[in-house]
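>>> Sharing a model that was predicted from the sequence below.
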Amino acid sequence: METRTDELPRKSKILQALEDQNTSVSFDDPLENEMILNMGPQHPATHGVLRLLIRLDGETVVGCVPEVGYLHRGYEKLAENCSYHEFIPHTDRLDYLSPLSNNTAYALAVEKLLGIEAPPRATYIRMMITELARISSHLMFLGSLAMDVGALTVWMWSFREREKEYDLFESIAGARFTTSYTRIGGIAQDVSPETIASVKKFVDELPGHIRECEKLLNTNRIFLERTDGIGVITPQQAIDLGLTGPGLRACGIEHDLRKANPYLAYSAMDFDVPVYEGGDALARYYVRMDEMRESVKIVHQILQKMPTGEVHAFKPKKVLPRKERIYTRMEELIHDFMLVNFGVEPPVGEIYSAVEAPKGELGFYIYSHGEGYPWRLKIRSPSFANLQSLPVMMNKCMISDVVAIIASLDPVMGEADK
Amino acid sequence: MNAVVLEKLKSRFANAVLDTNEFRGELTVVVPKERIVDVCRFLKEDPQLQFDLLADVCGIDMYTPTKRFGVIYNLYSLKNKNRIRLKVFTEEEDPKVPTMTGVYGTANWHERETFDMFGIIFEGHPDLRRVYMPEDFEHYPLRKDFPLMGIPGSLSLPKK
């Protein structure tokens, strides 16, 4: 092998050659070279427009740089120019696999800023839709993880269940995907007894379908070998990198905001927080499967304890009045006019409100100047923080494990890119 | 719990607590930017407080003649299950804040995002690149003087 005389290091020579386009680079020994692989942003296994730059030594990943921002729509800038109500539809487009969860998180944040609370029935309905959204998001995770490691049947089966759930969302919110269901101080409309009956039917049948999928996976040698011991992250690394949600619980850390800082009515619910040791892709899969069963448990309790009454708080100047009151009372007409045109005016102050979204801690930081528009609204999206741990998980893994690791982390780029 | 945190913070950093505020049960402490890393390290390593999870870092543009830009750190303690918010301010000219990446690894991307959106430079950051906007973008979109509709021609489009 001849000695290198050129001054450029090897990598920049490759890049230089790529820029020149018409030169061909040749290396003396192909086995000695590291290769840089560009994965994405358009890649089926990246769950959206995630781009990874992977440095390979043979088939082993020695370095990984995730690049985000291909779906950046500037929601935080938009929020500063929307009234608090007008921003609700934008929250659907954050984590588009569980929009109901985002709607609830945002409504809770604004309500905390305003110092109001939704009526009990609205709280229970919000809790029900959040848990249904968690199930729907985890079903998507189940399908995509199984498909990424080669089990197409599970993908079909989990999407069949998701389809039923989207029918439920349609009858609850009127839309399958972009629900925009919560309002500040309540929810858009009450759920009908027929919907409650179909939710009950769905959660009665779901554990059986989850078991069917587990039968295909839990003892499947290919699935186990593709996920067991793959993408390991230690608890210390996970906390340091801000990993939350199922990823953190798969490291053996029992942290769930529903238990730690109960919001809505979770303190009245009896459920467990599934925790697994290992911090690998298999543990993350087990955590999510158990979480779906816990969500089913919670929904059953919600349906039993569902209170009756209003779903809209009666707070003039803070919560939009009901239609029949607007048409019959002068004050309510004025309030409605003011709220729609100038927005609800919270006191001067700042709050951070977080919920346990399917992917992790979804937080809204709002700084209010006392106007109808937030001065600053920051979305703490779990996917953005979770993606930071990808390089740690991918260290020394094989190239074929990359898709399994991304699927086990379950990022949603709509949320990571805001 | 907030009172305990504040008491400990004040006894340890007597002249570093510039301002405190409690709103809706949330404690906000303003510290000088030179001390922010020390304060965070203390809050993380103190055996009683243990704010081990940095939930979020974000910037804010106050649009004031002095102390225009702020950086906000939302810390969470997995042990005590409580939160604290730290705030530092920096001037419009030369907006520089020391990096938190030495204390919390997760600060890496959050600080990149703050740099991308506000142009606040985090001194000592290992990889301070734009995270959302294109590399050659010259403006900082979340600054209040950046128009909502964008600046025409500021985003270079691919050549046909």
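It's in.
>>> List the contacts of stretch A:45-55.
Stretch A:45-55 has contacts (C-beta atoms under 8 Å, 6 or more residues apart in numbering or on different chains) with A:34-43, A:61-68, A:70-71, A:144, A:148, A:387, A:390, A:394, A:399, A:402-403, A:406-407, A:410-414, A:416-417. Any C-beta I mention is one placed from the backbone N, CA and C, and that applies to glycine too.
>>> My guess is A:L216 contacts A:T153. True?
Yes: counting by C-beta atoms under 8 Å, A:L216 does reach A:T153; the two are 6.2 Å apart.
>>> what do the two both touch?
Common neighbours of A:L216 and A:T153 (C-beta under 8 Å, 6+ apart) are A:A146.
>>> pretty sure A:L339 is in a helix, no?
Yes: applying DSSP: H, G, I helix; E, B strand; the rest coil, one finds A:L339 inside a helix.
>>> In space, what's closest to the residue nearest to the spatial centre of chain A - neighbours in sequence excluded?
What sits nearest the mean C-alpha location of chain A, by C-alpha atoms, centre = their mean, is A:K359, with 4.0 Å. Distances taken as C-beta to C-beta, 6 or more residues apart in numbering or on different chains place A:P382 nearest to A:K359, at 4.1 Å, with adjacent residues excluded.
>>> Next one: that neighbour from chain B, what distance?
A:P382 sits 10 Å away from chain B, going by C-beta to the nearest C-beta, to the nearest Å.
>>> Then A:E331?
Counting by C-beta to the nearest C-beta - A:E331 and chain B are separated by 28 Å.
>>> Same question for A:P374.
On the measure of C-beta to the nearest C-beta, A:P374 and chain B end up 11 Å apart.
>>> Likewise for A:K378?
4 Å.
>>> That residue pairs with what?
For A:K378, the beta-bridge partners are A:Y365 (DSSP bridges).
>>> tell me the contacts of it?
Counting by C-beta under 8 Å, 6+ apart, A:K378 has contacts A:76, A:364-366, B:56, B:58, B:72.
>>> thinking again about what came up before, the residue nearest to the centre of chain A touches A:P411, doesn't it?
Yes: if you go by C-beta under 8 Å, A:K359 and A:P411 touch, sitting 7.4 Å apart.
>>> Which residues are in contact with each of those two?
Contacts common to A:K359 and A:P411, judged by C-beta under 8 Å, 6+ apart, are A:383, A:386.
>>> Now for B:D19, how many residues are close by?
10 (other C-beta atoms under 10 Å in any protein chain shown).
>>> Can you show me the helices along chain B?
Remark: helices assigned in chain B by DSSP state H are B:2-12, B:36-45, B:107-118.
>>> for the most centrally placed residue in chain B, which residues make a bridge with it?
Closest residue to the average C-alpha location of chain B: B:V71 at 3.0 Å, with C-alpha atoms, centre = their mean. Beta bridges link B:V71 to B:G59, B:V88, judged by DSSP bridges.
>>> Confidence-wise, which helix or strand of the chain is lowest on average?
All of this is about chain A. Of the helices and strands making up chain A, the lowest-confidence element is helix A:10-20, at a mean of 67, by mean pLDDT, DSSP states H and E.
>>> which phi and psi does the residue of chain B found nearest chain A have?
Here chain B gets closest to chain A at one residue, B:T106, 3.0 Å apart by C-beta to the nearest C-beta. The phi/psi pair for B:T106 (degrees, to the nearest 10) reads phi -70, psi -20.
>>> For the residue nearest to it when sequence neighbours are not counted, grab the count of nearby residues.
Excluding the flanking residues, the one nearest B:T106 by C-beta to C-beta, 6+ apart is A:G242, at 3.0 Å. A:G242 has 29 neighbouring residues, counting by other C-beta under 10 Å.
>>> what's near enough to touch A:G242?
A:G242 neighbours (C-beta under 8 Å, 6+ apart): A:385-386, A:388, B:53-55, B:104-106.
>>> any idea whether it is helix, strand or coil?
A:G242 - assigned by three-state DSSP - is coil.
>>> From A:S137, how far off is it?
For A:G242, the distance to A:S137 (C-beta to C-beta, to the nearest Å) stands at 20 Å.
>>> Likewise for B:N80?
Taken as C-beta to C-beta, the span from B:N80 to A:S137 is 29 Å.
>>> These two - which one has more neighbours?
A:S137 (26 against 15).
>>> Of all pairs in the contacts of A:G242, which one is the farthest apart?
Maximum pairwise distance in the contacts of A:G242, criterion C-beta to C-beta, is 14.9 Å, between A:N386 and B:Y104.
>>> For burial, what's the neighbour tally of the residue of chain B closest to chain A?
27.
>>> contacting residues around it?
Going by C-beta under 8 Å, 6+ apart, the list of residues near B:T106 reads A:240-242, A:385, A:388, B:54.
>>> one more time with 10 Å, if that's ok
For B:T106, the contacting residues are A:238-244, A:384-386, A:388-389, B:53-57, B:100, by C-beta atoms under 10 Å, 6 or more residues apart in numbering or on different chains.
>>> contacts for the helix or strand A:Q236 falls within?
For A:Q236, the host element (DSSP states H and E) is helix A:235-240. Under the criterion C-beta under 10 Å, 6+ apart, residues A:233-234, A:243-244, A:247-253, A:255, A:277, A:279, A:386, A:388-389, A:392-393, B:44, B:52-54, B:76, B:78, B:103-107 lie in contact with helix A:235-240.
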